Each structure stands twice: as structure tokens, then as C-alpha cells.
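Q: Sequence plus the predicted model coming up.
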Amino acid sequence: MVSSLLADRQIEVGQAETSPNAIPLQSESSFSRQLSCQIWTLDGGIVGQSGGAPDVQLTDRVSEGYSQSVVNGEPWRVYTLINKELGVRVMVGDSLGVRHRLVWDVLEGLLLPGALALPILGAILWLSVAKGMAPLERLAFALRGRAPDDLSAIPDGVSPPEIESVRQALNTLFSRVAAARNIERDFTTYAAHELKTPLAGLRTQTQILRLSDDPKIRKNALDALERSVDRTDRMVRQLLELSFVEKSELAFEDTDLHQLAIELVTDLLPFAKEKSVTLETQRSAENLVRSTNPFLFETALRNIIENAIHASPECGEVLVVLEGNAVSVKDQGPGMSDEELEMMNTRFKRGHEGSPNGSGLGLTIVASAMERLDGRVVFERMKNGGQCVSLHLINGVV
Amino acid sequence: MRILIVEDDDILADGLTVGLRLTGFTPDHVATIADARAAIETVDFDGIVLDIMLPDGLGLDLLEEIRSQGVRLPVLLLTSRDRVRDRVRGLDAGADDYLGKPFDLDELSARLRAMLRRRVGRASSILSYNGLSIDTSSLTGRYGDKPISFSKREFAILSALIEHPRHILSRDMLEEKLYGWQEDIESNAVEVHIHKLRTKIGRSYIETVRGLGYRLAEEETKPSPSD
């Protein structure tokens, strides 16, 4: 800028023989006064200087460019420009003291209010967060104070609207856990009761052995004991199966029903042979891959086939027919009475007379498994006598 | 003593039938409420052993039904539910006693005997008449100082007669006390057992009322055991 003033002849180099020209400097802030300018001839005479500039040369540096110097004990940063045409050296100096003060003032202006305000802000934040979290803390306290078997829903008033969704999710969880526990408790009670009758049979027959010397009575009691142990064993297996069915994960996958039926039939053949019953499968031509849970479906089908074999007369035939979304099991047994058909789903139901191994558990397992599969069990009496039980998969189509 | 067993589990029912026969009862067995109803109408039972869970309904319902019809037959309930609440419900429905499964056969027959005793208003298991006392729990008798043992059928006839000392019991009535349905009745069984009883306790202890049946002789008669 100073150099351009010289170039424009606004400052006359020749005029400044005795007193230096005053150079106008734009003053934008209080700090800019500390910006000083001097114009010297190349041989060391002063041409002009700004107000407040020191009397001595700002720098000893003779070449162009930046330099640092100490004038009257004050540090300066100076830029030197040489105009050879006019024969002057222009120096513009910036007092570093002012510069440092400037930095310091900025720091002071920012840090001091900050240092004062931050703790206050922090305290306010801390208080408001604590206040905001208080309902959550109350909820946590209520949950911590619960008895392990208390699965009741959290009442409406305990939680603020902000965590209403948490409360609802917790209540849903509680009700699911409660349902699962009820199933377990029901099952335990049920299992205990269901086992007490065969136990009573075992005990009575054992006491008969103790009471009687009659070989005929003793043999009869021993046979009864053996049958009773077998039956109790089957009952225990079925109880376990029922608990698996009621608790198992419900993952559906594509299942070849025909393959499943064939494997089951192969599995049950020895049992059928024992009773001299023929066991066969029959399928339609269509694709029999359905989306279902193979474990549940197999369990249901196994129980139906087992029941059919039990109900079959000697040398009878059990036929497993696969068609559409249904698997039907047909036997040549006596079939069920209307009342029995009606009472089919009650757990305590035992099969009709003449099926010594008929425990109502088998059909309970079937009903429970099919219910979980969203399927249906249909019991029908066939025209020529015999029972037909069908498992229908409602949404099984892949 | 003729007992009706209403139980649908065949092994337990068989155990009860054989076991009660061994302990001196004459048991009959049915598996359903419908059959039990028919049996109670046709046979004069001394008591019923009733299971609660039956294929065609609850034993408690049958119990309430027969009580409402005025049947005062002693009933012992058998059940797998053995909580206080269940027992109270059973007793309130008109049961005389209650036994939870699994039970002891000896306990069952003792309870049955006690139940039957209460029915005829006796406090002990010992029946006495005319110098002869018989113990219904051990099926033994005592005449004076002399112990006498009886077969189960002899005992059944003797106790029926002692329970109704001045009544004439017909041959058919005595036969009914002796045999369940499943048993074959020997044509002259009652006569045979009466004859055996007379050789044990004296010829004149039991009188034959021609054309009607049998009854005990009046108490003044002092028969001698060796008579």
C-alpha cells in the first residue's frame, strides 16, 4: 500500500528533506495503530513514516522480505520492500507485543466466560438428566423389588410416557414367560396325576404277590406287573414327548411328507410285526413337499400310527395315505364311539375298551402338535368300520 | 361283602379285584359310569370303590347322582388328586372315605371294613352272636376259648347271617354275597358251605327254614362245638 502511494506520487520523496511525510494508515481497530510504516532512502535518510512509528529504522535488514527485530525493547515483525526506481526502502512493521496482546485478549474473552459457564451448565445438565432418568430408576427399583415368581404386568402409572414402549415390551415378555411357566406347571401336575394310576396298579399287584400263594394268581400278578411297567414306560415317553411338543421352537421348513411317512413306517414296522399288523403307505402322484415343522408333524403322525396299530385286530392292516395337504391313517379296529370322537381332545381321555395300551396322552400330543402347526386333526369312522384319522396342514403349500 | 369296583385302568382294576377277593370281599368290576349305574340298580352291593376320572365322566358326578336318588351305599373314592381341596369336594359329594393313589391294599380293605361297620352302626370289627365271635378283619372266629378258622366263602356266609341275626336269608341272597359276576357259581355251593360251617361251629347254630333259606338259631340255644 505504502509502495503504491509512492508509485502514484502521492508522497513525494524529494519533499522530505527536513521533516518526514506523514503516511496515512487506515485504522480498522485499536490494534492497527501498532502497525507502523517507514520509508527510507536507500542511503539511510527518512522519507516519511506513519504516526507512532519509532524514530529509528524498524529493521537493519537491507534486502527485501520478512525479518524480526527489537526496537526500543519492543519486538517487531517487519516486511521490507525496495523500490529501486525511486531509490527508497519501505518498511512495514507489526508490533509483536500487540499481536500477543491480541491473542491473549481473544483467549481471555472466550475462556473466562466459558470457565464460568461450563460448571453451571454442567450442574444444570446433571440435575435435569437425573430428573429425566428418575422414572427409569423408579421402574428399575420396582423391577428389582419383584419376587422371582411375580410375573404380573407393570401398572400404567409407574412409567412416564417416554418409556411407555419399554413398559409394554416388558409386560409382553412377562405374559409370555408366565404362559410358558403355566404350561410347565400344568404339565408337572398332569404328569404326576397321570402316573399315579399305573403306580397304584403296580403297588396293588405287588401286594397280591405278597398275599397269595396260589401260583395262578401269582402268575397273573406278575404278568400284570410286566404290562404295567411297559405301559408306564410308554406313558413317561409320551409325557416327555408332550412337553417337547409344547415347548419346541416353531421353525417351518420345506418337508417331503412322503419321505417323512416312509421313514416313520420303517421305524414302526417292528412294532407292527409284533402285533402281526401290516403297515403300508400310499401316495398320490403330486409333489408332497410342504412347509411345516418336521418334528411336530412327525410326532403327531407317529402317535396316530401307533394308536392305529394298537387298535388293529390281529393280522389287520394300517394304511398311511398321503393326499394333498393331508395325511390319513386308516385302521381296521373297532373305531371310536360318537362320545369318544367328541371327547377326543381332553387330556384325561383314555382310549376305548380293548386297547390296553391306549393312553389319552397320544391323542393329546397329536392335538397339541397340530394346533401349533396351525393344522387340523379329523377323526372319522369309515363305512366298513375302522378308524380314519387325518392330519391336515392348512397353510402348508410351498 | 360284595363290593363294586368302578375303575377304568385294567391293571389297577384287576389288582383291586384280586386283592379284595384275597382279603375276604366279593368284588365286581366295571370300567364306566354307565356300567356302574346299571350294576347298582341290579345288585345289592355292600359298598363301592369309585375312581374319579372315568372315560365317560367324573366319578363324583355318579356319586352325587346316586346320593340324590337316596342310595345310601358306602362309597370310597380313589383318586390321583390328593389335595385337601379334592378330598373336601369328594366328601361333600357324599363319599364316606377317600384314598389317594397309589394306596396300600391292606389300608383299602381296612377302610372298606370300617366303612361297612359304620353302615350297620358297629364300632369294632368283631361280631358276636350266641357265644361265637368273628373278626371281620382277620376272617377268624372264636368260640369260647377255641379259635376257629374259616374259608373266605364260609366267612362271607357266616358274617351275612350274624349281621342279620333274626332274618331269614335266602339261598339266592347268600349266593350273591359269595360270587362276583365273573365267577362261576357252583350249583350247591351255599349248601356245601353251610354244611362245613355246621361242622365247625355246631349243627344247631344255623337253622334251615325249609323252602325259604337260613337263619341263626335263637340265642338261648347253647350249641356245643362238638355237636
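A: Right, received. Where do you want to start? Since the structure is predicted, the reported quantities are computational estimates derived from the model, not experimental observations.

Q: Can you read off the pLDDT for residue 171?
A: Looking at chain A here, since you left the chain open. Per-residue confidence (pLDDT) for A:N171: 88.

Q: Correction: the question concerned chain B.
A: 85.

Q: If we ignore the residues flanking it in sequence, what's nearest it?
A: B:V190 (5.0 Å; CB to CB, 6 or more residues apart in numbering or on different chains). Just so you know, the C-beta spots here come from the backbone N, C-alpha and C atoms, and that holds for glycine as well.

Q: Which residues are in contact with the one you found?
A: Going by CB atoms under 8 Å, 6 or more residues apart in numbering or on different chains, B:V190 touches B:I157, B:R171, B:L174, B:E175, B:L178.

Q: Would you mind putting those into CSV with neighbour count alongside?
A: Listed next are the contacts of B:V190 as CSV, based on neighbours: other CB atoms under 10 Å in any protein chain shown:
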residue, neighbour count
B:I157, 24
B:R171, 15
B:L174, 21
B:E175, 15
B:L178, 20
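
Q: Restricted to helices, list the residues you listed.
A: Counting by DSSP state H, the contacts of B:V190 place B:I157, B:R171, B:L174, B:E175, B:L178 in helices.

Q: just those now: which is nearest A:R138?
A: B:L178 (78.7 Å; CB to CB).

Q: how much space between the closest one and chain A?
A: Separation of B:L178 from chain A (CB to the nearest CB, to the nearest Å): 18 Å.

Q: residues contacting A:V321?
A: Contacts for A:V321 (CB under 8 Å, 6+ apart) come out as A:T281, A:Q282, A:R283, A:V327, A:S328, A:V329, A:K330.

Q: Out of those residues, which one has the weakest pLDDT?
A: Lowest-confidence member of the contacts of A:V321: A:R283, scoring 84 (pLDDT).

Q: coming back round to it: what mean pLDDT would you report for whichever strand or helix holds the residue nearest to B:R171?
A: Secondary structure assignment for B:V190, by DSSP states H and E: helix B:189-201. The pLDDT scores in helix B:189-201 average 87.

Q: And stretch A:92-102, by the same measure?
A: Average pLDDT, stretch A:92-102: 83.

Q: How many neighbouring residues does the residue in chain A that chain B sits nearest to have?
A: Using CB to the nearest CB, the closest approach of chain A to chain B is made by A:T204 at 3.1 Å. Per other CB atoms under 10 Å in any protein chain shown, the neighbour tally for A:T204 reads 29.

Q: what about it, which SS state?
A: helix (DSSP: H, G, I helix; E, B strand; the rest coil).

Q: who are the neighbours in contact with it?
A: By CB under 8 Å, 6+ apart, A:T204 lies in contact with B:L12, B:G15, B:L16, B:G19, B:P102, B:F103, B:L105.

Q: Can you tell me which of those residues is closest to A:T189?
A: For the contacts of A:T204, the nearest to A:T189 is B:P102 (16.7 Å; CB to CB).

Q: Could you give the number of residues near the closest one?
A: 19.

Q: ok, it - contacts?
A: Shown in contact with B:P102 (CB under 8 Å, 6+ apart): A:K196, A:L199, A:A200, A:L202, A:R203, A:T204.

Q: and it, what element?
A: B:P102 is located outside every helix and strand, with elements delineated by DSSP H and E.

Q: Next, work out how far apart A:E246 and A:D374 are.
A: Going from A:E246 to A:D374 by CB to CB, to the nearest Å gives 15 Å.

Q: Comparing these two, which shows the higher neighbour count?
A: Taking other CB under 10 Å, A:E246 and A:D374 do not tie; A:E246 has more neighbours (18 against 13).

Q: for the helix or strand harbouring the more buried one, which positions count as buried?
A: In this assignment (DSSP H and E), A:E246 forms part of helix A:215-247. For helix A:215-247, a neighbour-count test (16 or more other CB atoms under 10 Å in any protein chain shown) marks A:217, A:220-221, A:224-225, A:227-228, A:231-232, A:234-235, A:238-239, A:241-243, A:245-246 as buried.

Q: Tell me which residues are up against whichever helix or strand comes after that helix.
A: Downstream of helix A:215-247, the first helix or strand assigned by DSSP H and E is strand A:253-256. Applying CB under 8 Å, 6+ apart, the contact partners of strand A:253-256 are A:L288, A:V289, A:R290, A:S291, A:T292, A:N293, A:P294, A:F297, A:V398.

Q: What's the mean pLDDT across the strand or helix carrying A:S291?
A: Per DSSP H and E, A:S291 falls inside strand A:289-292. Averaged across strand A:289-292, the pLDDT comes to 86.

Q: Which parts of the stretch 251-398 of chain A are strands?
A: Secondary structure of the stretch 251-398 of chain A by DSSP state E, counting those that start in this stretch: the strands cover A:253-256, A:278-283, A:289-292, A:317-323, A:326-330, A:376-381, A:387-392.

Q: Mind putting those strands into a markdown table with distance to B:D97?
A: What follows is the strands of the stretch 251-398 of chain A, written out as a markdown table (distance: least, CB to CB, whole Å):
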| stretch | distance to B:D97 |
| --- | --- |
| strand A:253-256 | 54 |
| strand A:278-283 | 48 |
| strand A:289-292 | 51 |
| strand A:317-323 | 45 |
| strand A:326-330 | 44 |
| strand A:376-381 | 39 |
| strand A:387-392 | 40 |
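
Q: so what pLDDT did whichever residue of chain B sits closest to chain A get?
A: Closest residue of chain B to chain A, CB to the nearest CB: B:G15 (3.1 Å). The per-residue pLDDT reported for B:G15 equals 94.

Q: same deal with A:P24?
A: 66.

Q: how about B:L4, phi and psi?
A: phi -100, psi 120 (degrees, to the nearest 10).

Q: What is the burial count for it?
A: Neighbour count of B:L4, defined by other CB under 10 Å: 22.

Q: In contact with it, which residues?
A: B:P27, B:D28, B:H29, B:V30, B:A36, B:A39, B:I40, B:V43, B:F45, B:G47, B:I48, B:V49.

Q: cool, and A:L301?
A: Neighbouring residues of A:L301 by CB under 8 Å, 6+ apart: A:L260, A:A261, A:L264, A:V320, A:V327, A:V329, A:L391.

Q: Of these, which is the nearest to B:R153?
A: Using CB to CB, A:V329 is the member of the contacts of A:L301 that lies nearest B:R153, at 49.8 Å.

Q: ok, back up a step: what two of the contacts of B:P102 have the greatest distance between them?
A: Between any two of these (CB to CB), the greatest distance is 12.4 Å, for A:K196 and A:T204.

Q: Secondary structure element holding B:A36?
A: Here B:A36 is assigned to helix B:33-42, by DSSP H and E.

Q: Lovely, talk soon.
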